[in-house]
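> Sequence and predicted structure below; questions after.
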Amino acid sequence: MQEVVRRWWNGVWGRLTRRDVWLVREPHWTVMARVGNTESGKVLRSEFDTEPPALEMVIACCAPTPPASG
């Protein structure tokens, strides 16, 4: 069962500058980050076995320059 543990948003409505980040437990930890809006935004999805590295990725995604999606 998927549980959204926490969600962050940078507070910007702009189509190119909006940033949403979710920390999800499924039972593994997943970080999903979207830069831009729902139609044109790029999504980064990373999975982790434990919470600490997932939170490190959340911090990186919330930084002024997010990690590149790959």
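Cool, got the structure.
> which residues in this structure form helices?
Shown for the chain, the helices assigned by DSSP state H span residues 51-62.
> Can you show me the strands along it?
Ranges of strands in the chain, per DSSP state E, are 3-9, 19-25, 29-35, 42-48.
> Including mean pLDDT, could those go into JSON lines?
Below are the strands of the chain laid out as JSON lines (pLDDT from 0 to 100):
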{"stretch": "strand 3-9", "mean pLDDT": "92"}
{"stretch": "strand 19-25", "mean pLDDT": "92"}
{"stretch": "strand 29-35", "mean pLDDT": "91"}
{"stretch": "strand 42-48", "mean pLDDT": "91"}
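> can I get those in JSON lines with mean neighbour count?
Where you see a C-beta, it was placed from the backbone N, CA and C, and this is true even at glycine. Formatted as JSON lines, the strands of the chain follow (neighbours: other Cβ atoms under 10 Å):
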{"stretch": "strand 3-9", "mean neighbour count": "12"}
{"stretch": "strand 19-25", "mean neighbour count": "19"}
{"stretch": "strand 29-35", "mean neighbour count": "20"}
{"stretch": "strand 42-48", "mean neighbour count": "14"}
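> Include distance to Ala63 when you put the ones you listed into JSON lines, please.
Shown next, in JSON lines, are these (distance: least, Cβ to Cβ, whole Å):
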{"stretch": "strand 3-9", "distance to Ala63": "11"}
{"stretch": "strand 19-25", "distance to Ala63": "10"}
{"stretch": "strand 29-35", "distance to Ala63": "11"}
{"stretch": "strand 42-48", "distance to Ala63": "13"}
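> Of all the ones you listed, which one is nearest Leu55?
Using Cβ to Cβ as the measure, strand 19-25 is the one of the strands of the chain that comes nearest Leu55, at 7.2 Å.
> Thank you, goodbye.
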